[in-house]
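J.: Fold the following and give me the result.
(4 chains)
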Protein chains: 2
Amino acid sequence: MVMTAVPPYIQGVPGAGHMEAVRRGNLALVLGRIAETSPAGRRSRAQISALTGLTKASVSSLVLELISSGLVTEVGLNQQSRGRPGVELELNPNKAVLGAEINVDYLAVGVVSLAGTLLMHEVWERDNRSDGVERVMAALSQQCAVTAVAAEKKGIDVLGGGLAVPGLIDAAGQVVVSAPNLGWKNARPDLRVLLPGSPLGVVLCNEANAAALAEMDHQSDTDFMFISGEVGIGGGLVVGREIFTGADGHAGEVGHVVVDPYGSDCLCGGRGCLETVAGQDAIADAAGLTGHPARSSRSLTLSVLLGLLKEGDARALSAVERAGFCLGLALASSARIVPFTLVVLGGHLAVLDPWLRISLMDSLQRYSAGKFPSGNVLVSALGSTGALLGAAGLALRSVLEAPHTLRR
Amino acid sequence: MVMTAVPPYIQGVPGAGHMEAVRRGNLALVLGRIAETSPAGRRSRAQISALTGLTKASVSSLVLELISSGLVTEVGLNQQSRGRPGVELELNPNKAVLGAEINVDYLAVGVVSLAGTLLMHEVWERDNRSDGVERVMAALSQQCAVTAVAAEKKGIDVLGGGLAVPGLIDAAGQVVVSAPNLGWKNARPDLRVLLPGSPLGVVLCNEANAAALAEMDHQSDTDFMFISGEVGIGGGLVVGREIFTGADGHAGEVGHVVVDPYGSDCLCGGRGCLETVAGQDAIADAAGLTGHPARSSRSLTLSVLLGLLKEGDARALSAVERAGFCLGLALASSARIVPFTLVVLGGHLAVLDPWLRISLMDSLQRYSAGKFPSGNVLVSALGSTGALLGAAGLALRSVLEAPHTLRR
DNA sequence: CCAAATAGTTTATGCTCTGAACTATAAGGA
DNA sequence: TCCTTATAGTTCAGAGCATAAACTATTTGG
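T.: Have a look, this model is predicted:
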């Protein structure tokens, strides 16, 4: 039997003072309790001490360090029934992270405070298809620079950032293995250029995963699947409040679960994948929009389809109904492999929800043996900001989970 | 944004000396390096020091503690090219854990050394169907007692144990939520009675998961799926060398992935599940063995089926071929949700491998876009001892990952 | 038989936490 | 108003664990 478990604190710093690992862990622990929005309001050192089991002395020392690193600020006083009031602590409202998104027909950049609030947000329409990684990244970095300067003017310090891309990211988070809709393959975007001077770098993530992460902050469930309906269908799988990427970074690809063994070929090389039935193009084809002039633009296609649905067009209705049926089937099967109890629909699937829902719920119930109450299939509340918020959230997590990296 | 991450060392011991967590982690780290079978042979304190980055002083102190807790023993001398020879360390060969298995028609108990070697192994034929949890556990505890005494006579000290059951285990590892083939539902076996005096307890686990874990020790892959073919079809999913159970403990249930949307109803309440096509009973039915006298016993059914296959019976061949096709389909879909690169077949699927393989590989390749080279679908090497070894392995892990629990 | 090399132990020191004493600040009652 | 009580936060001595460096132990090889 081979054991390979390595305590986390030894990673990266072999030979260094391992006592420091305790400090690092406790810094994160205390910061986490400060970041938590508790119903009783902001917390004081004493409350954190009681909450964590650390002594007041330790908490004081840890908080001092968090304050001097700029992550935490003292706000007001917190009067309990009697005695000296506690000093309320909060995440420094003037520190933030950047969230960015590259999608097929736009670039988006936003600034998110440490507490997770979207402070600024801008979207630039831009055709990024087959424009090449360098060109797109150059355009994006320009927009990031503009945003960063604007943030600085408001007194906001940007510590790091996250970039969401509609494609498969490798496990190390450095390479876009493939983004068919952008025409990228094994692209290595230079992430540093987005935030040249920031103390932490920029992390890269998949768009569906990012949206899932953002969605999670609005849900109590710890395990769920976010379905990103675009040209294809992406899945963002969250297990235990963490994005589940698997060994190669490709987990949760519900778009390529087989729903029709004798169905049509899929771009992925498989056959009868969910994407070939419920992807945006697939639905459009099945609805009879092939060759239609509107096919030149995605948003046009979708609005034409919506028009047909509202008119009660039989072919469109049945195409969408079948998509719902297959989506339910794929989700039921997926939930057997990784149990999740909540599904959130995004992209075109969110838009089509009114016409999808009945067949989706029917098949989901049928094939999952009734594990999904209908309240457990939701439409995304975040819409187009989801990916951006999630990318920023990923950067946020890296700060909040490893505050020692900002020590001075 | 709500953060709930808690550093592992704070769990369970709030308020206690957190410095001790470093000690605990390092004890496990050093023990892990002793447990590893390295090509260069057993390791000395100095080698472990170099390997871990801990100083020789620390390693000495940690090893002393491991020796005094009985987990480690000094063996021989380890002469390097020059200088004082190192003292070779190894896992104490006289300490062991118990592995036990309850299955439909037998009970099995084994003793596994800390190094993972099966030292003793006994199987008792017994019809456990609908005999009730208490009766079965009473019988098993008797067998465990016999085995424990026999081990003691050989000078072997049993520290803890694991019990594998063909059913769904709850996330806490205490309740058998359902074991249809045993007729159990929400059963709470009294695990303590199996090893009354042992310092560590007995852990409960699913049979397919246990077999997967045991299989892993013979594979280099870190992510794979073990398929346990019994009356139903169980799946054991290993991600990153750990059993992946999911939030509710039911992950990897590949037997209930939908392979035929218009197929027959499944016992689980779903429809067209893999199990309804490739389960042992399902194959027997499709092969035309319904009503056959042999249906009274599982092993008989299987041997009759084998007979038909060897005769070239068309109906049997096509039933098995279809099972292979659907298995490949279900695996391809599953691998999209949790990427794994290796499949190991157990139970009747291992036995039927020669007749399954072609259709299995064809559909697996077809639907996974060629991600599985044929060398990546294996037949279990462990056979019937897999579950037992895995259950013991689970107990083993708990010792090796938390050696401080044995401190005296 | 001694120099060089390697293994393992001893000792002094530093970091981080704990626990208890201490200071600071408020509410509430006489 | 002042004193008691309660709570917040800081200071300081002490304990546990790891480090680094010096030291002892044991072997090879000239």
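J.: Now do the contacts for A:His348.
T.: A:Gly229, A:Glu230, A:Gln280, A:Ile283, A:Leu302 (Cβ atoms under 8 Å, 6 or more residues apart in numbering or on different chains). All C-beta spots, glycine's among them, are computed from the backbone N, C-alpha and C.
J.: Quick check: beta-bridge partners of the first one?
T.: Applying DSSP bridges to A:Gly229 gives these bridge partners: A:Ile233, A:Gly347.
J.: tell me the least confident of the contacts of A:His348?
T.: In terms of pLDDT, the weakest of the contacts of A:His348 is A:Glu230, which scores 77.
J.: what number of residues lie near the residue nearest to that residue when sequence neighbours are not counted?
T.: Nearest non-adjacent residue to A:Glu230, counting by Cβ to Cβ, 6 or more residues apart in numbering or on different chains: A:Gly347, 5.1 Å away. Using other Cβ atoms under 10 Å in any protein chain shown, A:Gly347 has 26 other residues around it.
J.: so how far is A:Arg126 from A:Gly347?
T.: Per Cβ to Cβ, to the nearest Å, A:Gly347 is found 19 Å from A:Arg126.
J.: Distance check, the residue of chain A found nearest DNA strand D against A:Ala40.
T.: As assessed by Cβ to the nearest atom of the strand, DNA strand D sits closest to A:Gly83 within chain A, at 2.3 Å. A:Gly83 sits 16 Å away from A:Ala40, going by Cβ to Cβ.
J.: and if you look at A:Ser220?
T.: Computed as Cβ to Cβ, the A:Ser220 to A:Ala40 distance reads 18 Å.
J.: again, but for A:Asn103
T.: Distance of A:Asn103 to A:Ala40, computed by Cβ to Cβ: 40 Å.
J.: ok, these two, which is more surrounded?
T.: Neighbour count, other Cβ under 10 Å: between A:Asn103 and A:Ala40, A:Asn103 has more, with 21 against 7.
J.: what pLDDT does that one get?
T.: With respect to pLDDT, A:Asn103 scores 88.
J.: cool, the one 10 residues further on as well?
T.: We have a pLDDT of 97 for A:Ser113.
J.: Then A:Val231?
T.: We have a pLDDT of 77 for A:Val231.
J.: three-state assignment of it?
T.: Classification of A:Val231 by DSSP: H, G, I helix; E, B strand; the rest coil places it in coil.
J.: What is the neighbour count of it?
T.: For A:Val231, the number of neighbouring residues by other Cβ under 10 Å comes to 20.
J.: from what I can see it touches A:Gly167, true?
T.: No - using Cβ atoms under 8 Å, A:Val231 is not in contact with A:Gly167, being 11.7 Å away.
J.: what is in contact with these two at once?
T.: Common neighbours of A:Val231 and A:Gly167 (Cβ under 8 Å, 6+ apart) are A:Asn181.
J.: still on that earlier bit, I'd like the contacts of A:His348 laid out as a markdown table, including distance to A:Leu62 and neighbour count.
T.: Shown next, in a markdown table, are these (distance: Cβ to Cβ, whole Å; neighbours: other Cβ atoms under 10 Å in any protein chain shown):
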| residue | distance to A:Leu62 | neighbour count |
| --- | --- | --- |
| A:Gly229 | 44 | 28 |
| A:Glu230 | 44 | 22 |
| A:Gln280 | 50 | 23 |
| A:Ile283 | 53 | 24 |
| A:Leu302 | 51 | 19 |
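J.: Identify each buried residue in the helix or strand hosting A:Val109, please.
T.: Using DSSP states H and E, A:Val109 sits in strand A:106-113. Going by neighbour count (16 or more other Cβ atoms under 10 Å in any protein chain shown), the buried part of strand A:106-113 is A:Leu107, A:Ala108, A:Val109, A:Gly110, A:Val111, A:Val112, A:Ser113.
J.: next one: stretch A:53-60
T.: Neighbour counts using 16+ other Cβ under 10 Å place A:Leu54, A:Ser58, A:Val59 of stretch A:53-60 among the buried residues.
J.: With stretch A:378-392 instead?
T.: By neighbour count on 16+ other Cβ under 10 Å, the buried set for stretch A:378-392 is A:Leu378, A:Ser380, A:Leu382, A:Ser384, A:Thr385, A:Gly386, A:Ala387, A:Leu388, A:Leu389, A:Gly390, A:Ala391, A:Ala392.
J.: coming back round to it: among the buried residues of stretch A:53-60, which are within reach of DNA strand C?
T.: A:Leu54, A:Ser58 (Cβ under 7 Å from any atom of the strand).
J.: Would you mind listing what in chain A touches DNA strand D?
T.: Residues of chain A lying near DNA strand D (Cβ under 7 Å from any atom of the strand): A:15, A:17-19, A:44-47, A:56-57, A:60-61, A:63-64, A:80-87.
J.: Give me the buried subset of the residues you listed.
T.: By neighbour count, with 16+ other Cβ under 10 Å, the residues of chain A next to DNA strand D hold A:His18, A:Ser44, A:Arg45, A:Ala46, A:Gln47, A:Val63, A:Gly86, A:Val87 as buried.
J.: Can you classify the residue nearest to the third one when sequence neighbours are not counted by secondary structure?
T.: By the measure of Cβ to Cβ, 6+ apart, the closest residue to A:Arg45 outside its immediate chain neighbours is A:Val59, 5.0 Å from it. State at A:Val59, reduced to three classes by three-state DSSP: helix.
J.: just the one 4 residues further on next, same as before
T.: Here A:Val63 is recorded as helix under three-state DSSP.
J.: hang on, isn't it packed against A:Arg45?
T.: Yes - counting by Cβ under 8 Å, A:Arg45 is a contact partner of A:Val63 at 5.6 Å.
J.: residues shared between the contacts of those two?
T.: A:Leu89.
J.: Could you check the pLDDT of the residue of chain A closest to DNA strand D?
T.: pLDDT, A:Gly83: 86.
J.: quick one, what contacts it?
T.: A:Gly83 neighbours (Cβ under 8 Å, 6+ apart): none.
J.: and it, backbone torsions?
T.: Phi and psi for A:Gly83, reported as degrees, to the nearest 10, are phi 80, psi 180.
J.: and if you look at the one 5 residues further on?
T.: The phi and psi torsions at A:Glu88 (degrees, to the nearest 10) take the values phi -70, psi 140.
J.: That one: neighbour count?
T.: 18.
J.: With A:Pro39 instead?
T.: 4.
J.: my guess is it is in a helix, correct?
T.: No - per three-state DSSP, A:Pro39 lies outside any helix segment and is coil.
J.: what's the worst-scoring helix or strand of chain A on mean pLDDT packed up against?
T.: For chain A, using mean pLDDT, DSSP states H and E, the weakest element among its helices and strands is helix A:298-311, scoring a mean of 86. Other elements packing on helix A:298-311 under the criterion 3 or more Cβ pairs under 8 Å, 6 or more residues apart in numbering or on different chains; DSSP states H and E are helix A:280-286, helix A:314-337, helix A:348-351.
J.: Can you tell me the closest non-neighbouring residue to the spatially most central residue of chain A?
T.: Among the residues of chain A, the one closest to the centroid is A:Ala210, at 1.6 Å (Cα atoms, centre = their mean). Counting by Cβ to Cβ, 6+ apart, A:Gly390 is the residue found nearest to A:Ala210 once chain neighbours are left out, at 3.0 Å.
J.: helix, strand or coil for the one you found?
T.: Here A:Gly390 is helix, with the state taken from three-state DSSP.
J.: which residues touch it?
T.: Contacts of A:Gly390 were listed using Cβ under 8 Å, 6+ apart, and they are A:Gly99, A:Gly162, A:Ala164, A:Cys205, A:Asn209, A:Ala210, A:Ala211, A:Ala212, A:Leu213, A:Ala214, A:Glu215.
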